[in-house]
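A.B. asks: what shape does this take:
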Amino acid sequence: MKERSDVRYEGDEKMKWSVVFVSAVWMILSLVIPAERVDAGRGIQVKGIDDLNHHSGKLGGYKALIIGINDYESPEIQDLETPINDAKALAKVLKEKYGFKVKLLLDREATKESVYKELRRLAASTESNDSVLIYFAGHGDLDRTYDDGWWIPADAVAGNPVTYLDNVHVQKAMRSMKARHVLLISDSCYSGTLFGKARSLPPVIDEKYYLSLYNEKSRWGMTSGNRTPVSDHGSYGHSIFAYQFLNELKNSDKAFLSTQEIYTRIAPVIANNSDQTPLCRPILNTGDQGGEFVFVSCNKKESPPVVPWTQKETIDKEIVFWQSIQNSDDPALFKAYLNAFPNGVFVPIAQRKIEGSKPKGNVAFTPVESRKSSISVQVEPTGARVAILNIDSPFEQGMRLAPGRYHLEISKTGYIRQETWVVLKAGEDKRIEVNLEPMRASVRPNPDLYEKGPPGSDEMSRDGVYVAYSNGIVKDTKTGLEWKTGPDEDTSWNDAKSWVQSLNLDGGGWRLPTMDELAGLYKEGAGDRNMTSLLKTSGWGVWSSETEGSSEAWYFFFDGGTRYPYPCNGSSALRVFAVRSGRGG
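C.D. replies: I've put the predicted structure just below:
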């Protein structure tokens, strides 16, 4: 069984609107309002239920951007089976039954650039009465460094986040749209940090309920599996999530369907038949004002039946309770759910969670403390300082730590500081050996000489605190650091290190920069790479000296000022800079 992350789309040639199926989230829908009340920010307010239909002439436009990717360009990214079927089927039901104008992006059409352009087009062209749906079905990934997530477009390079589409860009597009409603649906893993708090269903679902949802602005998201890998296997050529979602849209005989109504019906079915638990909530920091996307059928229907207050109240409390505990590993929370809702829709899942937390067979339970790991660092020369930068406790040889990733810094006066990331597994006793390289005399900083340029070179130009010299060196007169750009071509970390070690320009003493030194170059809007224009490069990523285990190193990404690890033998869009402390003249 394959696992998927995110992406989808299909198009109407007359109206170029977009919908992206992303690791979990859907928002936007608008329901008409009489022309007498118009607010520039909220659009026309619909006063009566008779106006809440596509035939009244008062309902805003319904637009969708649907993205589906089976076929990835990179042979290292596994192809998927169902996203194209899911995307086409959704486009069909949205157009034929719910009056949408649809833009489809399928397979190799769904490049990072094309998805980004469609999102920007929606942001620029939507009007205040419109409702927009973005659907993504394809691969996705989670950025554990920044607790964020990505969609993986068709032209992505495996393992290189620079070629992915950050969930934050999708969030930004949703926030920028003038539309009344935006709904993001992601059949893929999607960053849970972008979701806000769950909202309650009302005591009664009637005409006033749908009018209220439509008239207030909304930005919602629905994801098929929260932060876990999502199954690409399902029923009748569709993913598990898409099959249930499509069924609700196709088979409903109601005039209106709200986002939460659909979610409360499909979430238990999906969870009972897979390891996925969908999530449905407003998206943080996008301008949600309490409304909700409403699907309005093109066919004339009777008004929806009133749901009894007591039944609605119970469903409401159960959904909110379940969403608050569904990702927990604490069996006590699931026992509390069973006590509160003995006949609830999530009872089978809660029972599985409790059973899964019990020790298997005759294996004795191991206390948490005994599963901790330990770490020791042997440094040559002796007497070096060792620190773990991402915890508060001072380093001690053999110190006990919980399993996880730790950022080590090793330093000693007169030697080049080293940083590295170490992964500790449960119960592992890890021993690390580090050899610090001595600084050459030319590498030691001399603050008194910061304003002086390299000996035997002429000043060519200035840019603020930066000075460029005729020998290609660029000096930061504030920090005293001197910089030299490497070959302007894709460069692996291994090749970058070799190039720096062989650089003898102006007496040598060059090294790879630290992440903090690269971050010191970053200034949003400066030059054409968010750094001084005196440093000439066409790349966005620059290698640092810091490593992640034995096979990855960190680079600084100047398109946003972020930091990522990448395989040492990878080179896509990455460059090398050399640095040294100022020599003076």
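A.B. asks: which SS class is Ala336?
C.D. replies: Look at Ala336: counting by DSSP: H, G, I helix; E, B strand; the rest coil, its state is helix.
A.B. asks: gap between the closest residue to it other than its chain neighbours and Ile349?
C.D. replies: The shortest distance from Ala336 to any non-neighbouring residue, by CB to CB, 6 or more residues apart in numbering, is to Ile325 (8.0 Å). For the C-beta atoms, the positions are set from N, CA and C on the backbone; glycine is no exception. Distance of Ile325 to Ile349, computed by CB to CB, to the nearest Å: 11 Å.
A.B. asks: how much space between Asp476 and Glu113?
C.D. replies: From Asp476 to Glu113 the distance is 34 Å (CB to CB).
A.B. asks: looking at these two, which one has more neighbours?
C.D. replies: More crowded of Asp476 and Glu113, by other CB atoms under 10 Å: Asp476, with 20 against 11.
A.B. asks: so who does that one touch?
C.D. replies: Val465, Tyr466, Glu482, Trp483, Gly520 (CB atoms under 8 Å, 6 or more residues apart in numbering).
A.B. asks: what subset of those is buried?
C.D. replies: By neighbour count, with 16 or more other CB atoms under 10 Å, the contacts of Asp476 hold Tyr466, Glu482, Trp483, Gly520 as buried.
A.B. asks: so which of the residues you listed belong to helices?
C.D. replies: Gly520 (DSSP state H).
A.B. asks: let me have the buried ones among the contacts of Asp476 in a markdown table, extended by distance to Ser74 and pLDDT.
C.D. replies: As requested, the buried ones among the contacts of Asp476 are exported to a markdown table (distance: CB to CB, whole Å; pLDDT from 0 to 100):
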| residue | distance to Ser74 | pLDDT |
| --- | --- | --- |
| Tyr466 | 37 | 94 |
| Glu482 | 38 | 94 |
| Trp483 | 33 | 96 |
| Gly520 | 33 | 92 |
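A.B. asks: output the buried ones among the contacts of Asp476 as JSON lines; include the columns distance to Lys254.
C.D. replies: Below are the buried ones among the contacts of Asp476 laid out as JSON lines (distance: CB to CB, whole Å):
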{"residue": "Tyr466", "distance to Lys254": "64"}
{"residue": "Glu482", "distance to Lys254": "70"}
{"residue": "Trp483", "distance to Lys254": "64"}
{"residue": "Gly520", "distance to Lys254": "59"}
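A.B. asks: out of the buried ones among the contacts of Asp476, which comes closest to Asp253?
C.D. replies: Taking CB to CB as the measure, Asp253 sits nearest to Gly520 out of the buried ones among the contacts of Asp476, at 62.7 Å.
A.B. asks: so that closest one versus Val474, what's the distance?
C.D. replies: Per CB to CB, Gly520 is found 13 Å from Val474.
A.B. asks: can you give me the helices for the chain?
C.D. replies: Counting by DSSP H, the helices of the chain are 83-98, 112-125, 167-176, 207-215, 240-251, 259-272, 309-325, 331-340, 347-356, 493-501, 515-521.
A.B. asks: remind me what the second one packs against, helices and strands.
C.D. replies: Packed against helix 112-125, as judged by 3 or more CB pairs under 8 Å, 6 or more residues apart in numbering; DSSP states H and E, are the following elements: strand 62-68, strand 101-106, strand 131-137, strand 165-166, helix 167-176.
A.B. asks: just those: most buried one?
C.D. replies: Among the helices and strands packed on helix 112-125, strand 131-137 has the highest mean neighbour count (mean count of other CB atoms under 10 Å), at a mean of 35.
A.B. asks: got the angle for it vs helix 167-176?
C.D. replies: 170 degrees (axes from the mean of the first three to the mean of the last three CA atoms, to 10 degrees).
A.B. asks: what is the neighbour count of Thr277?
C.D. replies: The number of residues near Thr277, taken as other CB under 10 Å, comes to 20.
A.B. asks: now it: how far from Met222?
C.D. replies: From Thr277 to Met222 the distance is 12 Å (CB to CB).
A.B. asks: cool, and Asn129?
C.D. replies: 22 Å.
A.B. asks: ok, these two, which is more surrounded?
C.D. replies: Relative neighbour count places Met222 above the other of Asn129 and Met222, with 30 against 23, counting by other CB under 10 Å.
A.B. asks: what sits against Leu424?
C.D. replies: Contacts of Leu424 by CB under 8 Å, 6+ apart are Ser373, Ile375, Leu401, Ala402, Pro403, Gly404, Arg405, Tyr406, Lys430.
A.B. asks: repeat that for 7 Å
C.D. replies: Contacts for Leu424 (CB atoms under 7 Å, 6 or more residues apart in numbering) come out as Ser373, Ile375, Leu401, Pro403, Gly404, Tyr406, Lys430.
A.B. asks: leaving aside the residues next to it on the chain, what's closest to it?
C.D. replies: Closest to Leu424 by CB to CB, 6+ apart is Ser373, at 4.0 Å.
A.B. asks: may I have the beta-bridge partners of the one you found?
C.D. replies: Beta-bridge pairing for Ser373 (DSSP bridges): Leu401.
A.B. asks: how about Tyr555?
C.D. replies: Trp543, Tyr564.
A.B. asks: now for it, how many residues are close by?
C.D. replies: 30.
A.B. asks: thought it was touching Tyr566?
C.D. replies: Yes - here Tyr555 reaches Tyr566: they are 5.8 Å apart, a contact under CB atoms under 7 Å.
A.B. asks: mind listing what Trp421 touches?
C.D. replies: Arg405, His407, Glu548, Gly549 are the contacts of Trp421 under CB under 7 Å, 6+ apart.
A.B. asks: and those, which are buried?
C.D. replies: His407, Glu548.
A.B. asks: so what's Lys353 up against?
C.D. replies: Pro331, Phe334.
A.B. asks: check it and give its pLDDT.
C.D. replies: Model confidence at Lys353, given as pLDDT, is 78.
A.B. asks: next one: Trp26
C.D. replies: 35.
A.B. asks: so where's the stretch 451-585 of the chain shaky on pLDDT?
C.D. replies: 451-457, 572, 582-585 (pLDDT under 70).
A.B. asks: where exactly do the strands run in it?
C.D. replies: Using DSSP state E, counting those that start in this stretch, the strands of the stretch 451-585 of the chain run over 459-463, 466-469, 474-476, 481-485, 541-548, 552-557, 562-567, 574-575, 577-581.
A.B. asks: strand partners (parallel or antiparallel) of the fourth one?
C.D. replies: If I follow you right, that is strand 481-485. In the sheet, strand 481-485 lines up with strand 474-476 (antiparallel), strand 577-581 (antiparallel) (DSSP bridges).
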